[in-house]
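> Okay, predicted coordinates and the sequence, questions at the end:
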Amino acid sequence: MKHSMLFDNFQLGPVLLKNKIIMAPLTRQCANDDGSPNDEMVSYYARRARGGVGLIITEGTYPSEKLGAVGYLNQPGCCKQSHVKNWKKIVDAVHENGSHIILQLMHAGRVADPRTLKKNEKPVSSSSTKSEGWVLYTDNDDEKHDRGVEGVWPQINFPEAKSLTKKEINEIANDFAKSASLAIEAGFDGVEVHGANGYLLYQFTDPKQNLRDDEFGGSAKKNLQFSKLVCNKIRDAIGNNKIITYRISQDGVDDFNGFWEMGQQYVEDIANELKSFPVDAIHWSSFDWKDNRFDKNQPPIPLTLKKTSKIPIITNGGIYDGDTAEEALKSGGADLIAIGRPLFAQPDWAYIVASGIPYN
């Protein structure tokens, strides 16, 4: 078998994966209007499991319908029994096709699509800030065609967010834990906490957005306390025999070129705090895992995160075939590989890579 290192087993917390290939979370906006997964999603996930991946991480799923948690139109949720019932169909289909699956839990924060907010509801964030971005996919002809929209579809900008109170922070952390419990009820092998890509927990981690001066902001350690609280509550809720991973990045959906301006010191401080998280892996999300963006003389960020935290690293970004996957594994910049768009386009990516056939 070509690229045998990629196809070795890997012990991820309590679960033995058959290989090191993970399907990265991919936002699709294909759920029913009430957030319930549907039969199309069953087919989609089952097909990727049949394609040979060791683990699937679902698309970002909202843990609550309160405090502006929903990020997208037709985003799936996991906060009521109708959600659990339909997710169970997906989980069962994935397991039957030989893969494990965890649910990614995501609170949108200040980048929630305004159309998902209740009347007179403001989005929430670490501080009272306003994203300069806009809702993805609202200004192109393909999306208009797919959603059956006629006429002008103006760009939809984000309103100013309100700063979360400490009471609300704890309420959201409890929502994450309740949702994680429902995910386990649906049969998931664990959950991923989404702390990356511009969403709420990222808004606490990013110093440019987190302007707080309490225990939830002001330093790398404090900026991660909300995420740590969420992970601790989830671990308490689901126990030690289920996977928890934590996804982190330095860019977001409204800031594709973002980076931590304090550079290497901030990365090391982040990694030191992640040591105390009750997680089985850190999931680094980027466009190119080797590019730390602030200093080309410094090592790739996943190398620093792994070396300092001593926690296994799932690495995503700039990996598209067997050679690039094996490069990341051999370098020490990855323990597991998260594949997104290549696997989205070709469900049999794992088998193609194993065969050694050139992959376009």
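Good, I have the coordinates. Numbers count the residues shown, from 1 in each chain.
> ok, then the element right after the helix or strand where Arg47 lies?
Per DSSP states H and E, Arg47 falls inside helix 39-50. Later in the chain than helix 39-50, the nearest helix or strand by DSSP H and E is strand 55-57.
> Which other helices and strands does the helix or strand just after that next one contact?
Counting by DSSP H and E, the next helix or strand C-terminal to strand 55-57 is helix 81-96. When contacts are defined as 3 or more C-beta pairs under 8 Å, 6 or more residues apart in numbering; DSSP states H and E, helix 81-96 packs onto helix 39-50, strand 100-105, helix 166-185. For every residue, glycine as well, the C-beta is placed using N, CA and C.
> From the chain's centroid, how far away is helix 81-96?
In terms of C-alpha atoms, centre = their mean, to the nearest Å, the gap separating the centre of helix 81-96 from the centre of its chain is 19 Å.
> Could you check how far the residue located most distally from the centre of the chain is from Gly52?
The C-alpha centroid of the chain is most remote from Gly151, which lies 33.8 Å away (C-alpha atoms, centre = their mean). Gly151 is 44 Å from Gly52, where distance means C-beta to C-beta, to the nearest Å.
> before we move on, what about Leu67?
39 Å.
> Please report the distance of Ile352 from Tyr72.
Look at Ile352 and Tyr72: by C-beta to C-beta, they are 31 Å apart.
> out of the two, which sits in the more crowded spot?
With neighbours defined as other C-beta atoms under 10 Å, Ile352 and Tyr72 compare such that Tyr72 has more, 23 against 18.
> Find the residue closest to Ser179 in space, skipping its chain neighbours.
Among residues not flanking Ser179 along the chain, Pro63 sits closest, at 3.4 Å (C-beta to C-beta, 6 or more residues apart in numbering).
> and that neighbour, how far is that from Leu105?
Pro63 is 5 Å from Leu105, by C-beta to C-beta.
> Any regions of the stretch 1-150 of the chain where pLDDT drops low?
1, 136-140, 147 (pLDDT under 70).
> Do I have it right that His107 meets Pro63?
Yes - here His107 reaches Pro63: they are 6.5 Å apart, a contact under C-beta atoms under 8 Å.
> joint contacts of the two?
69, 175-176 (C-beta atoms under 8 Å, 6 or more residues apart in numbering).
> any idea which of those has the most stuff around it?
Ala69 (28 neighbours).
> That residue reaches Ala108, doesn't it?
Yes - contact criterion C-beta under 8 Å: Ala69 and Ala108 qualify, at 6.4 Å.
> Mutual contacts of those two, please.
With C-beta under 8 Å, 6+ apart, Ala69 and Ala108 have common neighbours 62, 200.
> How much space separates Ala334 from Gly35?
33 Å.
> These two: which has the busier surroundings?
Per other C-beta under 10 Å, whichever of Ala334 and Gly35 has more neighbours is Ala334, with 27 against 20.
> quick revisit: please tabulate the shared contacts of His107 and Pro63 in JSON lines and include distance to Ser4 as additional columns.
As requested, the shared contacts of His107 and Pro63 are exported to JSON lines (distance: C-beta to C-beta, whole Å):
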{"residue": "Ala69", "distance to Ser4": "42"}
{"residue": "Asp175", "distance to Ser4": "42"}
{"residue": "Phe176", "distance to Ser4": "38"}
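> between the residues you listed, which is closest to Val253?
Closest to Val253 out of the shared contacts of His107 and Pro63 is Ala69 (15.6 Å), distances taken as C-beta to C-beta.
> what's that closest one sitting at in phi/psi?
phi -70, psi -30 (degrees, to the nearest 10).
> tell me the contacts of Val53?
19, 21-23, 99, 339, 343, 350.
> residue boundaries of the helices in this structure?
Secondary structure of the chain by DSSP state H: the helices cover 39-50, 81-96, 141-146, 166-185, 200-205, 220-223, 225-238, 264-274, 301-309, 322-331, 341-345, 349-355.
> Buried residues of the second one, list them for me.
Looking back up the chat, that one is helix 81-96. Applying a neighbour-count criterion of 16 or more other C-beta atoms under 10 Å, one finds 83-84, 86-87, 89-91, 93-95 buried in helix 81-96.
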